[in-house]
Every structure is written in structure tokens, then in C-alpha cells.
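# Any chance you could fold what I've pasted below:
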Amino acid sequence: MRKVYNLTLSPDKEFVQQIRIITGKTPKDIELYKTAFYHSSRNNKGKIGAQSNERLEFLGDAVLGCAVGEYLFKKYPAGDEGFLTKMRSKIVKRQTLNEISSQMGLDLLLLKFNETHLSKSMLGNALEALLGAFYLENGYEKTRSFIIKKIIRKELNIEQLESQDDNFKSQLLEWSQKHGTEITYRLEEKFKFDKRDRFKISVLIDGKKTATAEDYNKKSAEQKASEKALNKINPHPSEEE
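Alright, predicted model coming up:
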């Protein structure tokens, strides 16, 4: 009865309908799902005890990793640990989750509940938080099914991911080993932007600064800097060798 009320009579019925379209399930605890879209940088003035989605994000990240790991284990019975680890990393990495979140329309829900500039990383965080909320209300089996049917099979091209290599930090390390150089990363600056920590990272080749990039996450900034460095040292990969 509560789900029927939420879907048809609740003041939040529009939000409930959006969640139902995305997940295939009608939310019972509306506030739980709202919390999935409350970013820590939002304007909480007048909202005593207002929460952010960080705890749900933590939980959703764990559930997502487990479900994806199980899916890959069953899909690739001959895949070794290294292959499975790389495939899982490609699926659960921030860039992939950001893209999936946008495709699912979570950016519209973030705009609805936050008075701040939306960064790409907020999209992936919201997806993980939504999974955390869904898990708390529906349990692991239904969450696993949601992840496989609504995310992996609907939003991803697994076969394409098999041959895709966008771990630029790893590529740069391989290049350095091949050419006998040393790669190091240096934190140039940590500052606040939109009430959030942002990191400026430089990549150095044999002690010489080659490229610099910034992001809200250190690892993402390192990846961006690595990509820039690769483009500088080898702008035409096919011509190498």
C-alpha cells in the first residue's frame, strides 16, 4: 500500500516515478532515495541534520564491485585473475560510471536536489549511492539483477570493453619501461572548488615536468596527466616502432 501511495498520491510522486523508470522498482522509503542525490557540497542552510550521499555511495560501491565481479567470473570461465581484474576496473571506474549515470538521467535528479555546479564525478557518485539505497530496500539478489540488466547489459558494450585500453597511467608506465625512463607524479596543489577538494597533479619524466591536469579525485587527475603526457611524447602511436 505504501508503494502505491508513493507512486500515485505522494507529493514526491514525480520523483518516485523517475526512480521506478530507472530501477524498475517503486521506492518505499522516499527519503532514502532522495539522500542518494544529496551531494555534500549542496546548500543545506535551514536543513538541520541534512545528509549527503557519501555513506550510500560507500555501500553502493561495495555492492557494485561484488556484482560485477560475480558477473565477469561467470561470463568468462577461462579468464584469469589479471583479465577479470582489468575488466572489472573498466566497468566500475569513475569515467564509466559517470557516463552510465548521465545515460540513465541521474544528472536531472542531481540538479533537482543540489544548488551547486555539477561535476562529472558527482554523476558516478550518485549512481553508486542509488545502488546503495536500492540494496538497503531490496537486498543483494535484486540489486545484482538491477546491475546486470539495467547497467551492464543495457548501458555497456562488454565486447568493446575487452579490447579497450584507456588506463593511461599504465600505458605511460609501459612506455617508460620500454625506453628506460622514470615516471613520477607530484601533487602541485590542493584547493577548494564548489566547496570540494580539487587536486592538481603533474607527471614527471626523469624529473622533468611533462604534463599537468586536475580533478576532484587524485587518481583521475593522474590519469588525465598521463594521457596528456602520452600525447606529447607519442602524438602518432601508429608511427612508433
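# any chance you could map the strands in the protein?
Here the chain has its strands, by DSSP state E, at 183-193, 196-205, 208-215.
# Among the ones you listed, single out whichever gets nearest to N157.
Distances from N157 to each of these were compared using Cβ to Cβ; the shortest belongs to strand 208-215, at 25.0 Å. For every residue, glycine as well, the C-beta is placed using N, CA and C.
# Going along the chain, name the helices of the chain.
2-8, 13-23, 30-35, 54-75, 81-92, 94-103, 106-113, 120-138, 140-146, 153-155, 158-163, 168-179, 218-233 (DSSP state H).
# For the lowest-mean-pLDDT helix or strand in the chain, which helices and strands make contact with it?
Averaged element by element with mean pLDDT, DSSP states H and E, the chain has its least confident helix or strand at helix 2-8 (a mean of 80). Contacting helix 2-8 under the criterion 3 or more Cβ pairs under 8 Å, 6 or more residues apart in numbering; DSSP states H and E are the following elements: helix 13-23.
# What lies in contact with the helix it packs on?
Counting contacts by Cβ atoms under 8 Å, 6 or more residues apart in numbering, the residues outside helix 13-23 that touch it are 6-7, 10, 25-27, 30, 33-34, 104-106, 108-109, 112, 130, 134, 146, 150.
# List buried residues within those residues.
The neighbour count (16 or more other Cβ atoms under 10 Å) marks 6-7, 10, 26-27, 30, 33-34, 104, 106, 109, 130, 134, 146, 150 as buried among the contacts of helix 13-23.
# the domain parsing of the protein - what is it?
Here the chain is described, according to automatic domain parsing, as comprising the domains 2-43+50-163, 168-239.
# Name the stretch among these that sits most buried.
Counting by mean count of other Cβ atoms under 10 Å, domain 2-43+50-163 has the highest mean neighbour count of these, with a mean of 17.
# Now do the end-to-end distance for that one.
Counting by Cα to Cα, to the nearest Å, the length from the leading to the trailing residue of domain 2-43+50-163 is 46 Å.
# do stretch 199-216 as well
Using Cα to Cα, the span of stretch 199-216 from its first residue to its last is 6 Å.
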